[in-house]
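Asks: What would the 3D arrangement of this be:
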Amino acid sequence: MEECNGGEGGGIECLEDDTTVYCVTKTPEGAVKGLNKLLESVSKRFADHHLALNEKKCVDSIRYLGVTIDRLLTWADQYANVRRNVKTGNALIEHVKDGLATEERVNLLHAFLGLHLNYCALVWSSPSDTLRSSLQVAQRNVVRSVKGYKSAESATDFMDRMNITPIEKRGIQLGCTGG
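Replies: Prediction:
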């Protein structure tokens, strides 16, 4: 691993035709400085070995440990992936809900969606209100499916009663963000 800005971690990984450049720092400025240093190193290596960068293969986001990270850290792609998983979970619950008691449907909700919503909970506190709101709507739709659409109980009250943590509180509850 190469030095990346004052001794912090960073590196270049080359595997066949894929090259990944990464840098771990404590500040955005340190990341920019460290990544520029690493990119200069990549450029020199490519020139020394008469290699060319295939710009068609460059991507704006990567998936790492189940989290989609885009180059601007907007988390929009991660939200889209989680929202898709929530909608898929909702469809699965809709198919079986008539044969299950409410508590069993809540267990399915936790099983299908809990990990997606808890994993990388830090992300939930950082993006725009629009992204967070779209995921909250998807979560509430699942809750309505689970509790039954004809129920007079509000989704918020049902979530409280069944210990379903709303998106906006997940990061705080898991100790990932300040509250």
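Asks: rest of the way, CA atoms for contacts and neighbours
Replies: Noted.
Asks: Can you list the residue ranges for helices in this structure?
Replies: 28-48, 76-96, 102-109, 115-118, 129-147, 155-161, 167-173 (DSSP state H).
Asks: Serialize the ones you listed to JSON lines and add fields for distance to Asp70.
Replies: Listed next are the helices of the chain as JSON lines, based on distance: least, C-alpha to C-alpha, whole Å:
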{"stretch": "helix 28-48", "distance to Asp70": "15"}
{"stretch": "helix 76-96", "distance to Asp70": "7"}
{"stretch": "helix 102-109", "distance to Asp70": "28"}
{"stretch": "helix 115-118", "distance to Asp70": "18"}
{"stretch": "helix 129-147", "distance to Asp70": "14"}
{"stretch": "helix 155-161", "distance to Asp70": "32"}
{"stretch": "helix 167-173", "distance to Asp70": "20"}
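Asks: residue closest to the middle of the protein?
Replies: Nearest to the centroid of the C-alpha atoms of the chain, with distances taken as C-alpha atoms, centre = their mean, sits Gln78, at 3.9 Å.
Asks: low-scoring pLDDT stretches of this protein, where are they?
Replies: 1-9, 11-17, 120-127, 149, 170-179 (pLDDT under 70).
Asks: what residues go with each domain of it?
Replies: As given by automatic domain parsing, the domain ranges for the chain are 2-58, 76-173.
Asks: Can you say which of those domains is packed in most?
Replies: domain 76-173 (a mean of 17; mean count of other C-alpha atoms under 10 Å).
Asks: before we move on, back to that, please name whichever of the helices of the chain is nearest to Val59.
Replies: Proximity to Val59 (C-alpha to C-alpha) singles out helix 76-96 among the helices of the chain, at 12.6 Å.
Asks: Show residues contacting the closest one.
Replies: For helix 76-96, contacts defined as C-alpha atoms under 8 Å, 6 or more residues apart in numbering pick out 61, 67-70, 105, 108-109, 112-113, 116-117, 127, 131-132, 134-135, 138-139, 141-142, 145-146.
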